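> Fold the stuff below for me.
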Amino acid sequence: MNVSDVLKYGHEMVVQSVDGLPEPDWLAPGVCGVWSVKDVIAHLAATELVIVDALGTLVASSPTPHLDVFKQKDPKQNDKDVAHRREWTVTRTLAEYTDAAQRAMETATRIPLETTHRAGTLPWYGEEYALDDFLVYMSYGHKSEHCAQIAVHRDHLKARTAKPR
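Residues are numbered from 1 along each chain as shown. You can find the predicted model right below:
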């Protein structure tokens, strides 16, 4: 499996899921529980920052503040991440996500192929898992789930505004 492709196609899926979405529709709740599209993108941005930190551990020795928080496994962390970004504009929220996704893709290119397939590379994730396993779930699968929710939300909004014949 090619981790660069996993990251690239996951990112493209997110971008396509919100393409052309009017700003008021970004703010309507109910996409994922009470979360709006903007909240989902804020959540994906926070997750992408964890991914950037995780990838960074394989190419450099630098601080990993987002990964450190993730490892604490606080069941309320997702809501905290969204609340932190609550007052942000749609543009700023999407920009944070996009920037983090670009950083993840760039960092992934610096990781040797053999490292991406080797089990135990991220011991905190599980000795039996490799980096590509982590990214399939944490990046692509996670984005797929939320993009499907956004698609359903868009369909509901479209159905509400459709005029009967």
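
> how about the helices in this structure?
Taking DSSP state H as the test, the helices found in the chain are 3-18, 23-27, 37-56, 65-71, 77-84, 90-108, 113-117, 131-135, 142-161.

> Now the last one: buried residues?
Judged by neighbour count (16 or more other Cβ atoms under 10 Å), helix 142-161 contains these buried residues: His142, Lys143, His146, Cys147, Gln149, Ile150, His153, Arg154, Leu157. Glycine gets a C-beta too; all of them are placed from N, C-alpha and C.

> Would you mind finding the most buried of the helices of the chain?
Comparing these by mean neighbour count (mean count of other Cβ atoms under 10 Å), helix 37-56 comes out on top with a mean of 25.

> With mean pLDDT and distance to Pro123 as extra columns, can I get the helices of the chain in CSV?
Listed next are these as CSV, based on pLDDT from 0 to 100; distance: least, Cβ to Cβ, whole Å:
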stretch, mean pLDDT, distance to Pro123
helix 3-18, 97, 18
helix 23-27, 96, 38
helix 37-56, 98, 11
helix 65-71, 97, 11
helix 77-84, 98, 21
helix 90-108, 98, 19
helix 113-117, 94, 13
helix 131-135, 96, 11
helix 142-161, 95, 21
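
> Make TSV from those helices and add distance to Trp124 to it.
Listed next are these as TSV, based on distance: least, Cβ to Cβ, whole Å:
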stretch	distance to Trp124
helix 3-18	18
helix 23-27	34
helix 37-56	9
helix 65-71	6
helix 77-84	15
helix 90-108	17
helix 113-117	16
helix 131-135	10
helix 142-161	17
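
> hmm, back to that, relative to Gly120, which of the buried residues of helix 142-161 is nearest.
His142 (21.9 Å; Cβ to Cβ).

> List the contacts of the residue nearest to the closest one when sequence neighbours are not counted.
In space, and not counting its chain neighbours, His142 is closest to Thr47: 6.3 Å by Cβ to Cβ, 6 or more residues apart in numbering. Neighbouring residues of Thr47 by Cβ atoms under 8 Å, 6 or more residues apart in numbering: Met138, Ser139, His142.
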